[in-house]
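In: Curious how this folds, go ahead:
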Amino acid sequence: MNKLLTTDNWQPTSDNRQQIADNLKGNPNIQVSLATDNRQLTPAMITIFPNPVQSGTSINIVCENFTSDNYFIRIYNVEGQRVMSAQSWIDGETQVLNLTIPMLPGGVYEVRVMGRRTGKKVVERLTLKV
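Out: Modelled structure (predicted):
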């Protein structure tokens, strides 16, 4: 009986992929292919700088390990209200987005970067000073 191994509930890492392949060699009922694109194994992340930042100035958002897609960049206040929205294409490489923050009250905000096609989002906190 053939068994299908999937990554629905388990994600191989760069440390264990070769070990798994070696353990399965010689079994004619199992086909093994190894992912070589480490971006598939590394979650997307954003880094915001400067942070904290003065309200009404610009921030840079470093986007790493993203799938090529059109992304919504949205900023929310602590009440969950959207206070800013932008859109940008992010390719599969590391990319830096520059956004001008409108004049907002000082406080903690949430920056959400969400893929239009996938719906996956990455969230980071931003502190604004007045």
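In: so where's the protein uncertain?
Out: 1-41 (pLDDT under 70).
In: all helices for it, in order.
Out: Assigned by DSSP state H, the chain shows helices spanning 17-24.
In: Stretch 108-118: which residues count as buried?
Out: 109-113, 115 (16 or more other Cβ atoms under 10 Å). Bear in mind the C-beta positions are built from the backbone N, C-alpha and C, glycine included.
In: will you turn these into TSV that also has distance to R74?
Out: Putting those into TSV (distance: Cβ to Cβ, whole Å) gives the following:
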residue	distance to R74
Y109	10
E110	9
V111	8
R112	5
V113	8
G115	12
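In: Show me those that map onto strands.
Out: If you go by DSSP state E, the buried residues of stretch 108-118 have 109-113, 115 in strands.
In: so what are the domain limits for this structure?
Out: 1-38, 43-129 (automatic domain parsing).
In: gap between the two ends of the last one?
Out: Put plainly, it is domain 43-129. End-to-end distance of domain 43-129: 30 Å, with Cα to Cα, to the nearest Å as the criterion.
In: how about the ones in strands among the buried residues of stretch 108-118, which pair is most distant?
Out: Within those, Y109 and G115 form the most distant pair, 20.5 Å apart (Cβ to Cβ).
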